[in-house]
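Trainee: dropping the sequence and predicted coords here.
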Amino acid sequence: MVYSDEYQQIRRIYKKDIRNIMTLIRQSVKNEELVRRTRAEILAHIEDYWILENDRTIVACVALHIYPNEGTGEMACLYVSRNYENQGYGRKLMAYIESLARSKGLKRLVALSTQAFNYLQQKGGYTVAQPEDLPSERREKYEVSGRHSRILVKNLL
């Protein structure tokens, strides 16, 4: 599943894209807006990551981590380059992940955020949730992280 037009496309990442993604999100990781990810972690879950390219330049990224036993996906690592903000790329990636999740038969999406909480509610249609709403495997990571991220959920049915 790839979305594209003449100058823009959403596609899975390749191994060669990992360095560019890490550079793209570096400042947000430093500001603790995004969780730090190592090259090895991204590589281990490479099939979960997607980028939005504009004229062959990576301008945004997102990941969809799937918890099949619970029919849930987590939208993670949503980031748009500061140079490309307010152009609808974040909404485009959210819509893409939502469509992808539906095509995989998922019933809901969760998202965790320390900074983009209002954006996810207003632009993505997410609602406030509690740690109990997270898939059990994800809840364990949440409790250990100590980040105090706010939890959001979106039902896909």
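Mentor: The structure has been received and is ready for your questions.
Trainee: any weak-confidence spans in the chain?
Mentor: 1-6 (pLDDT under 70).
Trainee: longest single strand anywhere in it?
Mentor: Longest strand in the chain by number of residues (criterion: DSSP state E): strand 57-67.
Trainee: could you pull out the strands for the protein?
Mentor: 3-4, 8-12, 49-54, 57-67, 72-80, 108-113, 127-129, 150-155.
Trainee: so which elements touch the fifth one?
Mentor: Applying 3 or more CB pairs under 8 Å, 6 or more residues apart in numbering; DSSP states H and E, one finds that strand 72-80 makes contact with helix 18-30, strand 57-67, helix 89-103, strand 108-113. (Glycine included, C-beta is placed from N, CA and C.)
Trainee: flag every buried residue along stretch 89-96.
Mentor: Tyr89, Gly90, Lys92, Leu93, Met94, Tyr96 (16 or more other CB atoms under 10 Å).
Trainee: now do the contacts for the most centrally placed residue in the chain.
Mentor: Centroid-nearest residue in the chain: Ala76, 2.8 Å away (criterion: CA atoms, centre = their mean). Applying CB atoms under 8 Å, 6 or more residues apart in numbering, we find Ala76 in contact with Val35, Asp48, Val62, Ala63, Leu64, His65, Ala111, Leu112.
Trainee: do that again at 6 Å, thanks
Mentor: Ala63, His65 (CB atoms under 6 Å, 6 or more residues apart in numbering).
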